[in-house]
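Undergrad: Build me a structure from this.
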Amino acid sequence: MLLEDALRALPLLARCDGAAIDVGSGGGSPGIPLAAALPEREVTLLDAERRKCDFLRRWAPPNARVVWGRAEEQPREWWGVALAKALAPPPVAAEWCLPLVRTGGAAIVWLGEGADLARLAAASKRLGGGIPEVHQGLAVLPKVEPTPPGFPRRVGVAKKRPLA
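TA: This next block holds a predicted model:
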């Protein structure tokens, strides 16, 4: 089930060019299954906990790079696509993902039941993203313009005070 859930993003990921980053990779899903399914694509597995990164290093395929750090500390607008599964409420996940993606790319966010798409759309707009497209419980946030300066906000602020 976990593998199938991760691979739901495969057709959406194939629409985006460039390297991918799995923000809050944790136990490796969706980053490891997607990296294994796309061996020609560079995938970064990002997590803020060292012990999770140690686990990820043991299981990551050759095209996956593990980074110990936070989204707020990563290079802005470098990746073609950012992924967030079970990371935070969708507007918070958008704030952590969209600033990492270059214009023309996208953030892909797994949605839980009852996700507020209006709040997600408002957050996406403030971050340089377009209107979310929903596909099988996944929201694709196209990056239509550069993220304004100041985003993502300092560590902890997005979760305490979501944008929308």
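Undergrad: And stretch 101-120, end to end?
TA: This stretch, stretch 101-120, spans 17 Å end to end (Cα to Cα, to the nearest Å).
Undergrad: average pLDDT across it?
TA: What stretch 101-120 shows for mean pLDDT is 93.
Undergrad: Find the centremost residue of the chain, please.
TA: For the chain, the residue nearest the mean C-alpha position is residue 83 (2.5 Å; Cα atoms, centre = their mean).
Undergrad: Distance check, that one against residue 161.
TA: 24 Å (Cβ to Cβ, to the nearest Å). C-beta: built from backbone N, CA, C; applies to glycine.
Undergrad: roughly how far is the helix or strand encompassing residue 58 from the heart of the chain?
TA: In the assignment (DSSP states H and E), residue 58 maps to helix 50-59. From the chain centre to the centre of helix 50-59 is a distance of 18 Å (Cα atoms, centre = their mean, to the nearest Å).
Undergrad: In the sheet, which strands lie alongside whatever helix or strand comes next after it, parallel or antiparallel?
TA: Note on helix 50-59: by DSSP H and E, the next helix or strand toward the C-terminus is strand 64-68. Strand 64-68 pairs in its sheet with strand 43-47 (parallel), by DSSP bridges.
Undergrad: between the partner strand and helix 50-59, how many degrees?
TA: Strand 43-47 and helix 50-59 meet at an angle of 150 degrees, taking axes from the mean of the first three to the mean of the last three Cα atoms, to 10 degrees as the criterion.
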